[in-house]
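[1] Return atomic coordinates for the entry below.
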Amino acid sequence: MTSSIQVQSEGIKKIDAPSASGANIVLSLGYLLFFIGTWHFLTFWSKAQSFNVVDPLMGVPFRYIMPAFGIGELAVSCLCLFTKKWRLALLLTLWMTLNTAVFRFALGAAGWFHPWVIVGDLTSLLNISSLTSDIIVAAVNVFLCGGALFVLFKNRRAGEDIKLNCPTCGGKTSFGNQWVGRVIKCPHCGNNLHLVRPS
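    Numbers count the residues shown, from 1 in each chain. Presented below is the predicted three-dimensional model:
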C-alpha cells in the first residue's frame, strides 16, 4: 500500500495514507478477507452437508448465501490490497463484521443455536470441534473489527492539515499529524522531503 497523493487547489498536493503500522494492519485485513472471501465463495461447490441447511431468517440454504458474502469480502480485500481507498475499505470491513454479528444475534433470537455454518467442512479438515471453530470465527471477526477501528482511530483527522513548502522546488504539500517526522519523496520534484511542522 503506497501513499495517496491528491492534487488540491492552488497546486497543493495532499498526502493521505495511514501510518506505517496502520498500513500493515490494512494489508493484514486485506489478506485475511481474501482468504475468508475465497473460502465463502467456494462453499457453493462444497460437498459438506452443513451448507444444505436452510437459513431460518432468509429461507435459503447457506450454500447460496455464503458465496454472496464471499464476493463482498473479496471486493473489500481488493480495496485493502490494490487501491489507496483505505478509509473506505476499513469502513466496509466494520460494516461487514457488524452485519455478521447482527446476523448471528438474529439467528440466536430465532432459536437457532447451532455452530457457524460458514466453517462447513473446515472442522473435519482441521480435526477441530464445532465449539473451537466458533471461537476461531469469533476471534477473526474481533480482529477484523478491532483492526479497522484501531487504524481509523489512530489516523483520525486532528485539526487542520499541516502545509509545508519543499526546500528544493518550493512545491506545497499538505499532510496529517500522523505523517510528522517521516521522510517521503516530494510529490512535486521527487527529492526527499522531511515532513515537519513549519516553524
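[2] Show me the shaky parts of this structure.
    Low-confidence segments of the chain (pLDDT under 70): 1-17, 19, 117-124, 157-160, 199.
[3] can you give me the helices for it?
    Using DSSP state H, the helices of the chain run over residues 20-42, 62-82, 86-109, 122-126, 130-154.
[4] List the buried residues of the third one.
    Yep, that's helix 86-109 we're talking about. Trp86, Arg87, Ala89, Leu90, Leu92, Thr93, Leu94, Met96, Thr97, Thr100, Arg104, Leu107 (16 or more other CB atoms under 10 Å). Yep, even glycine has a C-beta here, placed from its N, CA and C like the rest.
[5] dump the residue contacts of the closest residue to Leu131 other than its chain neighbours.
    Leaving aside its chain neighbours, Leu131 sits nearest to Pro115 (7.2 Å; criterion: CB to CB, 6 or more residues apart in numbering). Each residue near Pro115 by CB atoms under 8 Å, 6 or more residues apart in numbering is listed here: Thr123, Ser130, Leu131, Ser133, Asp134.
[6] picking that back up, for the helices of the chain, which one sits closest to Asn192?
    helix 20-42 (16.7 Å; CB to CB).
[7] In TSV: the helices of the chain, plus distance to Phe51.
    Shown next, in TSV, are those (distance: least, CB to CB, whole Å):
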stretch	distance to Phe51
helix 20-42	10
helix 62-82	4
helix 86-109	15
helix 122-126	11
helix 130-154	14
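[8] can you tell which of the ones you listed is closest to Cys169?
    helix 20-42 (25.4 Å).
[9] And that closest one, what does it pack against?
    Judged by 3 or more CB pairs under 8 Å, 6 or more residues apart in numbering; DSSP states H and E, helix 20-42 is in contact with helix 62-82, helix 86-109, helix 130-154.
[10] Export these as a markdown table, with columns for distance to Phe175.
    Converted to a markdown table, those look like this (distance: least, CB to CB, whole Å):
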| stretch | distance to Phe175 |
| --- | --- |
| helix 62-82 | 22 |
| helix 86-109 | 15 |
| helix 130-154 | 15 |
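[11] so what are the domain limits for the protein?
    When the chain is parsed with automatic domain parsing, its domains come out as 1-18+158-199, 20-154.
[12] ok, and which of those domains has the densest surroundings?
    Using mean count of other CB atoms under 10 Å, the stretch among these with the largest mean neighbour count is domain 20-154, at a mean of 16.
[13] what's the first-to-last distance across it?
    Start-to-end span of domain 20-154 (CA to CA, to the nearest Å) is 11 Å.
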